[in-house]
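Chemist: Quick one, structure for this:
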Amino acid sequence: MSGQARYSNLSITLHWLMLVLLVAVYCLMEFRGYFPRGSEERDAMKHWHYMLGLSVFVLVWIRIAARAIGGVPPITPSPSRRQQLAAKAVHVGMYALMIGMPIGGWIILSAESKPVPFFGLTLPPLVGPNEELAHLVEEIHEAASKVGYVLLAVHAAAALYHHHFMRDDTVRRMMPGGRENNS
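Modeler: Okay, here's the model as predicted:
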């Protein structure tokens, strides 16, 4: 992997696709408040929030596998150890949210005895009916969503910092359209 200058095309595609999905998932929940409870529009937004959130859950596992197989190209010039540790912490937090948030949503719907939709399928419940559990997990889910905003902002700000101030290849490694050095 030492000669690898960029992420694989699969990793790049998944990175940007998941950004679009995460923005959509957040927008659907933020904008639902503009519609009255029980309205078709609000219910549709919640329905799409569930399905796109579960899509993130599916894709994150593919992304983890692609990363394990394809590796991580080194940043040139190499950042400080402190920056590397900070980047790793942010990435671990983002992956934890991309796995934990959909599971939390699935638990909430299951505990509320609601169907868990996924593009024409109804997924099985993860837990039995339990309003207390649903309420607890919903509070955690909402708090974690705020952490997600922070992690996404830190990730984007760090990328811009590396590109414009450090002038390293952090961003170029993840941009579409270039040639891969790994097959």
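Chemist: ok, now how distant is the residue nearest to Leu22 when sequence neighbours are not counted from Ala68?
Modeler: Take Leu22 and drop its neighbours on the chain: the residue closest to it by CB to CB, 6 or more residues apart in numbering is Val56, 6.5 Å away. Just so you know, the C-beta spots here come from the backbone N, C-alpha and C atoms, and that holds for glycine as well. From Val56 over to Ala68 the distance is 18 Å, taken as CB to CB, to the nearest Å.
Chemist: For those two, indicate the residue with more neighbours.
Modeler: Neighbours were counted for Val56 and for Ala68 using other CB atoms under 10 Å; Val56 has more, 20 against 9.
Chemist: That one and Val25 touch, don't they?
Modeler: Yes: in this structure Val56 lies within contact range of Val25 using CB atoms under 8 Å: 6.7 Å.
Chemist: tell me the contacts of Arg67?
Modeler: Arg67 makes contacts with Ser11, as judged by CB atoms under 8 Å, 6 or more residues apart in numbering.
Chemist: Let's see that with 10 Å instead.
Modeler: 7-8, 10-11, 14, 91, 95 (CB atoms under 10 Å, 6 or more residues apart in numbering).
Chemist: any idea which residue sits dead centre in this structure?
Modeler: Met98 (4.1 Å; CA atoms, centre = their mean).
Chemist: Output the contacting helices and strands for the helix or strand hosting His15.
Modeler: Assigned by DSSP states H and E, His15 belongs to helix 9-31. In terms of contacts (3 or more CB pairs under 10 Å, 6 or more residues apart in numbering; DSSP states H and E), helix 9-31 is packed against helix 40-70, helix 81-111, helix 131-161.
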